[in-house]
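# Sequence and predicted structure are below.
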Amino acid sequence: MSTSYQFDLLRTYRYLRLAMVLLVLLLFLSVAMYIGSDRGHMLQSISASYYTPVRAVFVSALCAIGTCLIVYQGNTDVEDVLLNGSGFFAFIVGFVPTRPEAQCVASRIPLDVRDAISNNVTALMVVAVIAFAVVMGVQVFATPASERALSKGAGAALAFSVLAFLGLAGFYVVNRGAFMCHGHDTAAILLFIGIVGVVFVSGRGLARKQARELGGSVRSHLWNRYFWGFVLMVASIAVIVVAGPWQGWLDHWVFWLEAALITQFATFWLTQTIELWREPRREDAPVSGA
């Protein structure tokens, strides 16, 4: 493979990673501009921006972020499966709006919103099945034998992702009304589980690299920047949940929880981009001249 071709691939990889950060910035700026405007008000959640002038940015940013997460090849099989699952759930979060009322009744959702959910989610489910079949075909017929086998962790992550998809699809088919009311929250929870898992897996991956290069056990290198990021994300969830719904000290707690986790993941993603700027995979040698 020529050096120029390698650099072209590396440049595409870099732009894909940087696009993720810019898309998050686009969403945050749009939400901040709305909240700071004369007609704006504090949102109960970032997802509630669907019902504001931010709607187009919210939906398009989630779809673009979901696409980037799916297209990006993770450092390990487990990381890649988690990224793929999170990317799929990002589409659901964008297509199925959160409900503003305390008690959602499907029949009271505006007809145009119900029609949009049915149309968009049905198309997404069909494409997801086709995409899975294509990926499995590529894995079997267009992948070197040495790269075909998945690790046990990747197999478990893949099984979880497939079960989560089948659960959501069954939920959608069997009880469309309940899905319209609760599909957004379900997909959002799965999305955040996925990205928190990605940070944890990356921390383990960096620890293995440091153990290989510097010596010592993987455990001795575990408390690296990514693992601390994972701990911070878990701590943020605990603190905001305690201060919000449990103790009632924090208003708009869902907004602050979403903002904290998205900001932390974007920070992790930017930090990892710097780490892997010259080597998309930790095991690879840096591209010459990059």
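All right, it came through fine.

# Isn't L222 up against R204?
Yes - the pair formed by L222 and R204 meets the contact definition of Cβ atoms under 8 Å, at 7.3 Å. Heads up, the C-betas are built off the backbone N, CA and C, glycines and all.

# Those two - which one has more neighbours?
R204 (20 against 16; other Cβ atoms under 10 Å).

# Count the residues that sit near G216.
Counted with other Cβ under 10 Å, G216 comes out at 11.

# what does Q139 give?
Here the count is done by other Cβ under 10 Å, and Q139 has 13 residues near it.

# Just the helices from the stretch 1-150 of the chain, written as ranges.
Counting by DSSP state H, counting those that start in this stretch, the stretch 1-150 of the chain has helices at residues 3-36, 55-71, 77-95, 111-141, 145-148.

# The third one to helix 55-71, inter-axis angle?
Think helix 77-95. 160 degrees (axes from the mean of the first three to the mean of the last three Cα atoms, to 10 degrees).

# and helix 77-95, what does it pack onto?
helix 55-71, helix 111-141, helix 152-174, helix 176-214 (3 or more Cβ pairs under 8 Å, 6 or more residues apart in numbering; DSSP states H and E).

# Out of these, which is closest to W253?
With Cβ to Cβ as the criterion, W253 lies closest to helix 176-214 of the helices and strands packed on helix 77-95, at 14.0 Å.

# Isn't V196 up against G229?
No - the criterion here is Cβ under 8 Å, and V196 misses it with G229 at 9.5 Å.

# Where does pLDDT dip in the stretch 51-200 of the chain?
Scanning the stretch 51-200 of the chain for pLDDT under 70 picks out 146-154.

# Now for H252: which residues touch it?
H252 makes contact with M42, L43, Q44, S45, according to Cβ atoms under 8 Å, 6 or more residues apart in numbering.

# Need the phi and psi values for it.
phi 60, psi 40 (degrees, to the nearest 10).

# Let me see the confidence value for it.
Per-residue pLDDT puts H252 at 90.

# V71: neighbour count?
V71, neighbours per other Cβ under 10 Å, totals 11.

# if I look at it, how far off is V140?
Distance, V71 to V140, by Cβ to Cβ, to the nearest Å: 20 Å.

# circling back to that earlier point, just put the helices and strands packed on helix 77-95 in JSON lines and tack on distance to L16.
Listed next are the helices and strands packed on helix 77-95 as JSON lines, based on distance: least, Cβ to Cβ, whole Å:
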{"stretch": "helix 55-71", "distance to L16": "6"}
{"stretch": "helix 111-141", "distance to L16": "18"}
{"stretch": "helix 152-174", "distance to L16": "21"}
{"stretch": "helix 176-214", "distance to L16": "15"}
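
# Looking at those helices, spot the one closest to D80.
helix 152-174 (7.5 Å).

# nearest spatial neighbour of P53, skipping sequence neighbours?
In space, P53 comes closest to Y34 once its chain neighbours are excluded; the distance is 6.1 Å by Cβ to Cβ, 6 or more residues apart in numbering.

# Need the winner for burial among the helices of the stretch 1-150 of the chain.
Compared across those, helix 77-95 shows the largest average neighbour count, a mean of 24 (mean count of other Cβ atoms under 10 Å).

# got the angle between it and helix 176-214?
Following the same axes, to 10 degrees, one obtains 150 degrees for the angle between helix 77-95 and helix 176-214.

# Between helix 111-141 and helix 77-95, find me the angle.
Counting by the same axes, to 10 degrees, helix 77-95 lies at 160 degrees to helix 111-141.

# Check the offset of helix 77-95 from the chain's centre.
Distance of helix 77-95 from the chain centroid (Cα atoms, centre = their mean, to the nearest Å) equals 5 Å.

# now do stretch 44-56
Computed by Cα atoms, centre = their mean, the separation of stretch 44-56 from the middle of its chain amounts to 18 Å.
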